[in-house]
Each structure stands twice: as C-alpha cells, then as structure tokens.
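**Student:** Coordinates for the following, if possible.
(4 chains)
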Protein chains: 2
Amino acid sequence: MTSDVNLSEREQLVLQAVVHMYITTAEPAGSRALVKRFGLDFSPATVRNVMADLEDSGFLQQLHSSSGRVPTNRGYRHYVDYLMRVQQLTLAERARIEQELTRGLNDADELLRQTSHLLALVTHQTGIVEAPQEREAIVQTIELMPISNHRMALLLADSYGRIRTMTVNLEQPISSDDLSRTRQYLNDILRGVQVEHIKHTVETKARMIQDEQRRLAEQALHMVETLPLTRPGQLFLDGANQLFEQPEFHDIERAREVFLLLEEREQIIEMLRKGMRNAPPWTSVLIGSEAARQGFDEISVIAAPYCVKGKAVGMLGVLGPRRMPYPRLTAVVEYTADMLGRILTRLAG
Amino acid sequence: MTSDVNLSEREQLVLQAVVHMYITTAEPAGSRALVKRFGLDFSPATVRNVMADLEDSGFLQQLHSSSGRVPTNRGYRHYVDYLMRVQQLTLAERARIEQELTRGLNDADELLRQTSHLLALVTHQTGIVEAPQEREAIVQTIELMPISNHRMALLLADSYGRIRTMTVNLEQPISSDDLSRTRQYLNDILRGVQVEHIKHTVETKARMIQDEQRRLAEQALHMVETLPLTRPGQLFLDGANQLFEQPEFHDIERAREVFLLLEEREQIIEMLRKGMRNAPPWTSVLIGSEAARQGFDEISVIAAPYCVKGKAVGMLGVLGPRRMPYPRLTAVVEYTADMLGRILTRLAG
DNA sequence: TTTTAGCACTCAATACGCGAGAGTGCTAAC
DNA sequence: GTTAGCACTCTCGCGTATTGAGTGCTAAAA
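**Tutor:** Predicted coordinates for the structure are as follows:
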C-alpha cells in the first residue's frame, strides 16, 4: 500500500491538517480555517494551491465545486500509513481497561463479551471481538453428563479456556459405568488433539481396535459423529448504537446499511481476517471499502489479533465511521488486544 | 382495561376501518378513502361525524387540524380487546414454524436463539425470547470438570434442558478422587433442588455434617459459594433491523430511541413480565407507552408465555411499531410460544 | 331526526426565488 | 514561489406561492 506519488513536506503537512480537521469537526476543511487552526506559516492561498495538487493526486476531494476539502480513502490511507503517530494511552486509561477486563474473569465467554463492551465504552465506536478459532483449539478435557434417558451432554474444555457444551441424542439409555468408561476412553485418545481432528481421530482409532474395546470405541464414535464441531466463528458485538451519534449516519439509509452489515457475522469475521492477512501480526486499519463491500465507503475498522500462549487466535477491534480518531483508537485496540491475550492465557493456564 | 364509553355498532365499524387503514398504509385515514376502501354504506360526511365523535371520546386523533384520523393508544386498545379477530395461520405457516424450530433441536440455548430469529423472519418485526427463569429451574445433574490445577468447571443441567457452565478457582489442586467424591456428594444433596436454593442447601448440610464427611462438604461449599447463580435473565433478540423498514422510524431520533431501548435488556424483560401479570396466562398486547417508558409511544409488543411441563417459564414475542398487524402477529406469537414450549419440554426429558 | 351534498377553510408538503456566507480558482502583484 | 484581491460557485436557510387532501359547518333531502 505504498503511494506512487511522493508528497512534499508541505503537502504532507496540509494533508495531515485536513484529516485532523475533518476528523474533529465532520465539516470539509477550508484553506483559511486550516491556516488559523493549525497556525500554518503560509497563507490560505498557498494552502489552496497545495490542496488542488493533493486533489489531483487523489488524496483529497471536494463535495461540490466550491466546498472545502475532505480526505479520500487514499488520503486516509496515506495518513494512517505514514503520517499518523499512534497515541500513548494515559496510565489511567490503561488501568481502566485492565480493571474492566479482569472483572469478569472466571468465564472465557463472559470475558470476550466484556471486552467488546469495553471497546465500545472506551472508544465510543462499535466494539468487535471474534472468539478464538474453535477448530484450531486443542482438547484439554472431555466430560460426559447424562441429562435424560435419551440425551446426554458432551462438554469440552479447550486450550483457550473456553468450555463448549454439545448435546447428543442416545438411541438407548447408557449405564453410568459405561458412561464413565467412555469418558475415560475419549479423554485418553483425544487429549492434546486439535478440535477439528476429533472426528477423524476417533474414527481411525475405532477402526484399529479389536474385540473387547470395540464396543467402547463405537459408543464413542457414535457420540462424536453428530457433534456440531465446525460451527462458524462466534462474534461479540457491542455499542452499535454509538453509530447514531455520528453525523454521517444521521441519514437513515446509511445507518440502515451499516446495521445490515453488522448482522452479517461471517462477513465481519472475513473482514477482520483479511486485515490480519495483510499486515501480520500487528494492528491493521481497513478504510472505507477496504472494510466493507465495494461501494460502501462510510466505515473503517481498526483490528488487532490477540494471542493465547504466544499464538494469534482471534481478532478484536472497533468499527466506526471512516472519519475516526485513528491515533487514539489504534492505541486502545492494541492495548486491549494485548490485555485480552494475557488474561486468556492465564485462564487457559 | 374496559372502555367507559359504549360505542355504537357504527362507531366500532369506523374505528376498525381506521385502524386497518392506518396499519396497512401508514397514512392518516380520510373519510372519503375509508368509504371507498371498505365499501361502507353511508357517506363520507357521516363518517366525518362519527370520526369527530370518536375523537371526542379519545379513540382517534388528528395529527393537525385538517388531516385524516389516526388511532390513539386507546383506539388500538379497544381494537385489540374487542374488535380484532385473531387470524388463523395457514397450514403452510404452521409447518414452517415447526420445521424451523425443530431444526436446531439439540441445544436449548441454540433453540431459543433460533426462535427469536424465526419470529423476526416470519413477522418482519423484532423477535424477542426470554430464556427460562434460571433461578426457578431445578437441578438435574451436576458435573465437575478439571481445567487446570487452579481452575475447574461446574456444569449444571437444569429441568429446562439448559446447561450452564461456571468456573471455580481452586486454592489448591484437587485430586481426581476427591473430585469424583465431591461430584457424587453434590449430586446427592442437590438433585431436585431449585437453583436459587443451591447455596442455602449446601450451607445447611455442611453445618449439620460431622467429622469424616466434613471435609467433603466444605469442599463443596467452597465451590458453590462463588457461583454466579443469580445472573439476570437472558434475552435473545433478533431482527432489530426490521424496524428501519417502518416509516415511523425513518426519523433518526425515533430510530435511535428504539435501538437504545433494545439495549436495556432488564427493562425489556420487565416489560414482558408486566404483560404476563396483566393477563395470565395468555397472549398480551402492550400498546405504546404501556410497553416502553412513559412518553415513548412509538412501539407495541405482543408477548406470550411458553410453558415447560405445563408451567410458564418464560416469555416470547415481537416488538414493532404501534401500527402493527395485530391479528396476524398475535397468531404467530401464540403458535410459536406453544411450539417452543413443546420442544423444550421434550428436550428437558 | 338522520343523512347527505356542497362549500369554505385549514394545514402540510412542495417548489421557487432570493440573499448570505463559505470557499474556491485565477490573475496580477510582491 | 508566495500572496492579496476578486469574481465566481454552490449550499443553506428563509419567506412566499401553490397544490391538494381533508375537515367542519350549513342547509337541503330522506
């Protein structure tokens, strides 16, 4: 994502000023206002010339022929990649994030939800947290729990500290003895196996085993084969309401479009991962149509991966209008990802 | 909720016509249009007179001095209570609901989510499902599952077919023997006990027990006392986006207000239960400010309780603009509540 | 006495014109 | 290369005129 045009020092300065202006006021930036606001040591007329150049090279844009300038996607891109300095969070802010996250500590799912809530709260944007990729998780413990004569639950603790419950229909009641032997068996062969390989593992083992253990293995196979192990990634979203605050979503059509987008969970996950692929392993910023589908330029996303035991297992971030305070939000997202990773690692311990 | 004014046959006819007109077109109903649309056998002038009377007694309202009439809260109320005939669902519709619900059959939580989704889909409104009151649930089975040296999970299957997972921090590792003895102990004393009495039960038992079993009981007590058993009711919401379709929410301020309301889960639950208290045990319709807080008249809610093993354990329904097709939605909500109850009962075994 | 036709009136919605203001591009001077 | 000056453009807000749906009232008809 490098620019094919070299910008002069002055052009960079003006571009940055326009972005800052627009981010804070939501109004197109005019030459006079820029000079005044940022104390530039050249005149409005000069700024106008520079802005005209920046428009020619696609960094700025006019909404109509006599309005101030607004950054284009490319303008934001350049700003984020080269001009912006990620803000330092204050101690108080760091403390707050840490505190809010360690509160709901006992349950991993609760923690993830809490994180999305926190992101929304602190950034005043929509907070997004993708749950750890379940398929890649590793089996820690398996538990079987009878519910009725015809149903039982299979519980799975994974290496991310999450616990999944799945139910299994039984053709015939299972004795408590059988149950505990099957439990033992499942734990023996599955501990340390990746969740996505569970079925395969059980199947191969079952095929190899002879006589006496045979029944046990088939029992296990039967339980496992209907499990919904490949369900799609989970997403925790919070603070979509915040979008209403932004003037760009006062138009009902726009608002609706974003809300519709937010309902398409898979697409959002897809989007987050796209960001990760582009710039591993650090924070990525998706601007306008880079984030959403083509032709929908209103939103941006800042996302960062979080790591459990040193391995990136999921993404989190914020979604908001393209006109976003990137320096601050980037810092918040990074710090939150870091904290979440730490806490999850501790939980999975 | 009876009316203190007796309406003549003709007045009822006109009121009903106005409600139908407004529900379908979202435009205030004028006298001429009513006559034409409903083939009334008296003239527009007569309708005008009747409408003026209905306005005097508070059933209708004009938006401005020369506009058509629109029902008031009271108008809707009378319509719903006395005039409306609940629609019969077609066989196809029933089949669809049943089919959609039995699809996600294995997991109770999944089922509840699915139900809210279905409601949104079929009614084009926002679907709401309140999870069964957890506190009143009865313990079926308890399972303990080691996660690490310092954490374990306590799993609880209740009489509604739901499974809750809670984690417990351990001060020191617990042996597998101890774990299974404690599990046995917990099951012995808690099976059949209401969830809200768990802590109390364990405490009293622990106090009574002497010597040798003592340690076990204290172990159990320690596990149970930090459990988040009293967490607030859970709510499954789906299709809030549908609200954007309604012209009354094209105004951004209104839309925002509803979305804000939808975030306040406890208040929605409160609202649903209010409905149940008013008219047990059947479908209740909350109109305008009956549903939301005072002064916010834009929405209505249709809600019905669903029963597990014959006992009403939760509510479900739809939320939408006050201008709602009540006859059809009432039917859908009732049928869905019935189906959900059946399936849950089956699940709970 | 009830119903209806006719008519004047009201009000929202829409379009139109106008002036103010913000901001530009261009030219000429510095 | 930079800046001041100026004509020009376009949006926004406001007041006015027009239109049209719908009413209330009155007087005639049933």
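
**Student:** Up against chain B, what does chain A have?
**Tutor:** A:106-107, A:140-141, A:143, A:145-151, A:153, A:155, A:157, A:161, A:163, A:165-169, A:226, A:228, A:240-241, A:244, A:249-252, A:255-256, A:259-260, A:263, A:347-349 (CB under 8 Å from any CB of the partner chain). Bear in mind the C-beta positions are built from the backbone N, C-alpha and C, glycine included.

**Student:** Got a quick ChimeraX command for the buried subset of those residues?
**Tutor:** Only the buried entries of the residues of chain A next to chain B go into this ChimeraX selection, using 16 or more other CB atoms under 10 Å in any protein chain shown:
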select /A:106,107,140,141,143,145,146,147,148,151,153,155,157,161,163,165,166,167,168,240,244,249,255,256,259,347,348
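
**Student:** Which of the residues of chain A next to chain B fall within strands?
**Tutor:** Judged by DSSP state E, strands contain the following of these: A:140-141, A:143, A:145-146, A:151, A:153, A:155, A:157, A:163, A:165-169.

**Student:** Packing partners of the helix ranked longest in chain A?
**Tutor:** Counting by DSSP state H, the longest helix found in chain A is helix A:326-348. Counting contacts by 3 or more CB pairs under 8 Å, 6 or more residues apart in numbering or on different chains; DSSP states H and E, helix A:326-348 packs against helix A:91-103, helix A:108-123, strand A:299-308, strand A:311-321.

**Student:** So in that sheet, which strands flank the shortest one, and in what orientation?
**Tutor:** When pairing is defined by DSSP bridges, strand A:299-308 lines up against strand A:284-287 (antiparallel), strand A:311-321 (antiparallel).

**Student:** What average pLDDT does the shortest one get?
**Tutor:** Averaging pLDDT along strand A:284-287 yields 94.

**Student:** starting at the chain centroid, how far to the longest helix of chain A?
**Tutor:** 11 Å (CA atoms, centre = their mean, to the nearest Å).

**Student:** Can you show me the CA trace of it as CSV?
**Tutor:** Below are the C-alpha coordinates for helix A:326-348, written out as CSV (Å, rounded to 0.1, in the frame of the first residue of the first chain):
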residue,chain,number,x,y,z
TYR,A,326,-7.2,6.7,14.4
PRO,A,327,-4.3,7.6,16.6
ARG,A,328,-6.2,7.1,19.8
LEU,A,329,-8.3,4.2,18.7
THR,A,330,-5.3,2.3,17.4
ALA,A,331,-3.7,2.6,20.8
VAL,A,332,-6.8,1.4,22.5
VAL,A,333,-7.3,-1.6,20.2
GLU,A,334,-3.7,-2.6,20.6
TYR,A,335,-3.6,-2.4,24.3
THR,A,336,-6.9,-4.2,24.7
ALA,A,337,-5.8,-7.0,22.4
ASP,A,338,-2.7,-7.3,24.5
MET,A,339,-4.6,-7.4,27.7
LEU,A,340,-7.2,-9.9,26.5
GLY,A,341,-4.4,-12.2,25.3
ARG,A,342,-2.7,-12.1,28.7
ILE,A,343,-5.9,-12.8,30.6
LEU,A,344,-7.0,-15.6,28.3
THR,A,345,-3.6,-17.2,28.6
ARG,A,346,-3.8,-17.1,32.3
LEU,A,347,-7.3,-18.6,32.1
ALA,A,348,-6.3,-21.4,29.9
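
**Student:** Near DNA strand D, which residues of chain A are found?
**Tutor:** A:42-46, A:49, A:64-67 (CB under 7 Å from any atom of the strand).

**Student:** do that again at 6 Å, thanks
**Tutor:** A:42-43, A:45-46, A:49, A:64-66 (CB under 6 Å from any atom of the strand).

**Student:** Report the two of these separated the most.
**Tutor:** A:42 and A:64 (25.7 Å; CB to CB).

**Student:** Same drill for those two, tell me which one is more crowded.
**Tutor:** Remark: of residue A:42 and residue A:64, residue A:42 carries more neighbours, 13 against 6, as counted by other CB atoms under 10 Å in any protein chain shown.

**Student:** now the helices: where do they sit in the stretch 151-300 of chain A?
**Tutor:** A:176-190, A:198-208, A:211-225, A:252-263, A:265-278 (DSSP state H, counting those that start in this stretch).

**Student:** Same list (these) but as a markdown table, adding distance to residue B:217.
**Tutor:** As requested, these are exported to a markdown table (distance: least, CB to CB, whole Å):
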| stretch | distance to residue B:217 |
| --- | --- |
| helix A:176-190 | 23 |
| helix A:198-208 | 37 |
| helix A:211-225 | 33 |
| helix A:252-263 | 49 |
| helix A:265-278 | 45 |
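
**Student:** can you pull the contacts of residue A:120?
**Tutor:** A:126-127, A:238-239, A:242, A:318 (CB atoms under 8 Å, 6 or more residues apart in numbering or on different chains).

**Student:** at 6 Å what do you get?
**Tutor:** Residue A:120 sits next to A:127, A:238-239 when contact means CB atoms under 6 Å, 6 or more residues apart in numbering or on different chains.

**Student:** nearest to DNA strand D, of those residues?
**Tutor:** Ranked by distance to DNA strand D (CB to the nearest atom of the strand), those are led by residue A:239 at 28.2 Å.

**Student:** Distance of the residue most central in space within chain A relative to residue A:333?
**Tutor:** Nearest to the mean C-alpha position of chain A, counting by CA atoms, centre = their mean, stands residue A:316 at 2.8 Å. According to CB to CB, to the nearest Å, residue A:316 and residue A:333 sit 7 Å apart.

**Student:** per-residue confidence averaged over the longest helix of chain A?
**Tutor:** pLDDT averaged over helix A:326-348 gives 94.

**Student:** Run through who's touching stretch A:172-188.
**Tutor:** Outside stretch A:172-188, the residues that touch it by CB under 6 Å, 6+ apart are A:142, A:144, A:149, A:216, A:219-220.

**Student:** Check the residue in chain A positioned nearest to DNA strand C and give its pLDDT.
**Tutor:** Residue nearest to DNA strand C within chain A: residue A:30 (2.8 Å; CB to the nearest atom of the strand). Looking at residue A:30, its pLDDT is 96.

**Student:** Contacts only, for it.
**Tutor:** residue A:68.

**Student:** go on, residue A:61?
**Tutor:** A:70, A:72 are the contacts of residue A:61 under CB under 6 Å, 6+ apart.

**Student:** try residue A:289
**Tutor:** Contacts here follow CB under 6 Å, 6+ apart; on that basis residue A:289 touches residue A:297.

**Student:** gap between it and residue A:19?
**Tutor:** Distance, residue A:289 to residue A:19, by CB to CB: 18 Å.

**Student:** picking that back up, what residues of the longest helix of chain A count as buried?
**Tutor:** For helix A:326-348, the neighbour count (16+ other CB under 10 Å) marks A:326-337, A:339-345, A:347-348 as buried.

**Student:** Just the buried residues of stretch A:185-195, please?
**Tutor:** Going by neighbour count (16+ other CB under 10 Å), the buried part of stretch A:185-195 is A:185-186, A:189-190, A:194-195.

**Student:** wait, which of those residues is closest to chain B?
**Tutor:** Of all the buried residues of stretch A:185-195, chain B sits closest to residue A:186, with 12.6 Å by CB to the nearest CB.

**Student:** what's near enough to touch the residue lying closest to residue A:224 once chain neighbours are set aside?
**Tutor:** Excluding the flanking residues, the one nearest residue A:224 by CB to CB, 6 or more residues apart in numbering or on different chains is residue A:202, at 4.9 Å. Residue A:202 makes contacts with A:220-221, A:224, as judged by CB under 6 Å, 6+ apart.
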